[in-house]
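Q: A structural model of the following input is requested.
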Amino acid sequence: RVMAPGDRAHLTVELHNLSGKAASYRVATQAASPISIQGQSRDVTLADNARTMLNFPLVAGNGHGVGKFSISATSPEATLTRDFEITVRPAWPATRRSQTRQIDAATTLAFGPNLLEGFVAESANAQISIAAIPPLPFSESITGLIGYPYGCIEQTTSRLWPLVNLDAATSRKFGLEPLEEAKRKHMLDVGFSRIAAMQAENGRFSFWPGEGWTDPQMTAYVADILVTAKENGLAVPEAVLEKALKRLNEDLLTGGDGYYSYDHSQHLRFAANAYAGYVLARVNQAPLGTLRTLWDNQRERSLTALPLLQLGIALKLAGDETRAKAAVAAALEKTSDRPRYLGDYGSDFRDEALLLALLNEHDLATPESGARVMTLARELRLPERARYWFSTQERLAIFRLGRALLSEQRDGLQGQFQIAGKPHALSGRPLVVREVGLPELRQNVSLALEGDGPFWLSQDIVGYPTSAPAPSESGIRVRRAWYRTDGTL
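A: As a prediction, the model looks like this:
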């Protein structure tokens, strides 16, 4: 049960006298903000076994939260009380507002309740991030992945990526509180077990446990995380990994799935083989001749840059530097020709973030790719992107890019947050995130930065806006018509 601010309703109370004699009752109501009840008490006299119904106007005031109210009926002999709750929130969904700016030198910044202007203040939380690296939503992507509630093969694998890489030291780099190691291990074990339950005899993976149909695109995706986990010293299901690598090798040598039910089958086939080659090259099992054939004869099939980069890195790891350089250069020069639906779980955002992550992970980053990181950061924080919901693939790509950037040797941040009178030192970390709400902002929040810039400040606010959002017809349109009783408009 939900009401919006300004909504009015009727609270109906039925009183039935079963005392065995006539009796008088005082029916009283009490309500706490943001709920109010008009005409808070009534006196009623009822004969034995008689009943009556009373109506009390109930109003939702301005504000946000759970409104609590109670009704009591009191006679000389007894009192009976009933308690109720109803949520009050705006009639439109919560939104996110993001703002980023570059700070060139040491300074002190102050934040107050006006930070939440435009939102129902009680509903809003602000995440303030200060970084020595470009301001991508790294922390939001991590928490979104780890807390993702569903578990198909793609979602399960995506959720494992931050768990595999997010040890205590990496968590602190992202400005997050580390997961308890026992909890992290349990979540990893559950994820690996679920992946094993979705592997078919041929080495591929079904979308859900118990399904017969397998998705060939997921083989390399799952093998990629298992190889990464093993490199990080984690225990992985070896039989699952070996079976997946064998499947990738066979698919790469035979050409793999044809993707004939898709509109862009040639691209998907090339992309799947390039990804398979990349994963196999990481464990020194990629057939170099097949990688060369992919580059020499099929590279024009790629509609996007990411498969070209994956193939270039595979060639580099397999020892063909000449073709590797050409493939990497082609990836960096490629203009994406992604259609509205391609069927590869991706998007332009996913492709760009993952491409930049791979460049950094394999020491291929250049000043030009660094500039592309900043461009991506600006695009993701444009006002028109405030209502954009990141997919698991996009969150994963942003996380991997952030991890790669944070692993580089950078001068850490010096200074401190002051939140409600308590200091929080930046302690030389490259990224520090603090979440504050109205209570903390009323007690003043400040950030003192020391040392040389530049610094990147990000403010991400999530809450219910005070006014209805502008109409949007992105992907769907709703029209309403009123008809007369004779059927005419």
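Q: CA only for contacts and neighbour counts going forward, please
A: OK.
Q: tell me the buried residues in stretch 221-231?
A: Going by neighbour count (16 or more other CA atoms under 10 Å), the buried part of stretch 221-231 is 221-229.
Q: given the lengthiest strand in the chain, what are its sheet partners and their directions?
A: In terms of residue count, the longest strand belonging to the chain (DSSP state E) is strand 445-463. Looking at strand 445-463 with DSSP bridges, its paired strands and their directions are strand 95-111 (antiparallel), strand 125-131 (antiparallel), strand 414-419 (antiparallel).
Q: and the helices in this protein?
A: 138-146, 153-165, 168-173, 181-197, 217-231, 238-254, 265-282, 288-298, 306-318, 321-333, 348-361, 367-380, 392-407, 438-442 (DSSP state H).
Q: what angle sits between the first one and strand 125-131?
A: Orientation of helix 138-146 against strand 125-131 (axes from the mean of the first three to the mean of the last three CA atoms, to 10 degrees) gives an angle of 120 degrees.
Q: and helix 138-146, what's buried?
A: Taking 16+ other CA under 10 Å as the neighbour-count basis, helix 138-146 is seen to contain the buried residues 138-139, 141-142, 144-146.
Q: turn those into JSON lines, including pLDDT.
A: Formatted as JSON lines, those follow (pLDDT from 0 to 100):
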{"residue": "138", "pLDDT": "78"}
{"residue": "139", "pLDDT": "76"}
{"residue": "141", "pLDDT": "85"}
{"residue": "142", "pLDDT": "84"}
{"residue": "144", "pLDDT": "84"}
{"residue": "145", "pLDDT": "88"}
{"residue": "146", "pLDDT": "87"}
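Q: and the residues you listed, which is closest to residue 55?
A: Nearest to residue 55 among the buried residues of helix 138-146: residue 144, at 45.1 Å, using CA to CA.
Q: what residues are up against that closest one?
A: If a contact means CA atoms under 8 Å, 6 or more residues apart in numbering, then residue 144 has residue 395 as its contacts.
Q: and what of residue 195?
A: For residue 195, the contact set (CA under 8 Å, 6+ apart) comprises 153, 156-157, 205.
Q: circling back: nearest to residue 453, out of the strands paired with strand 445-463?
A: Nearest to residue 453 among the strands paired with strand 445-463 is strand 95-111 (4.7 Å), distances taken as CA to CA.
Q: buried ones in that closest one?
A: Those buried within strand 95-111 under the rule 16+ other CA under 10 Å are 95-100, 106, 111.
Q: and the residue nearest the centre of this structure?
A: residue 144 (3.4 Å; CA atoms, centre = their mean).
Q: where does the stretch 351-489 of the chain have low pLDDT?
A: Low-confidence regions of the stretch 351-489 of the chain, defined here as pLDDT under 70, cover residues 381-388, 408-411.
Q: export the helices of the chain as TSV, with columns for distance to residue 54.
A: Converted to TSV, the helices of the chain look like this (distance: least, CA to CA, whole Å):
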stretch	distance to residue 54
helix 138-146	48
helix 153-165	52
helix 168-173	58
helix 181-197	53
helix 217-231	62
helix 238-254	67
helix 265-282	67
helix 288-298	78
helix 306-318	68
helix 321-333	73
helix 348-361	58
helix 367-380	54
helix 392-407	52
helix 438-442	39
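Q: give me the contact list for stretch 11-26.
A: Among residues not part of stretch 11-26, those counted as contacts by CA under 8 Å, 6+ apart are 41-58, 72-76.
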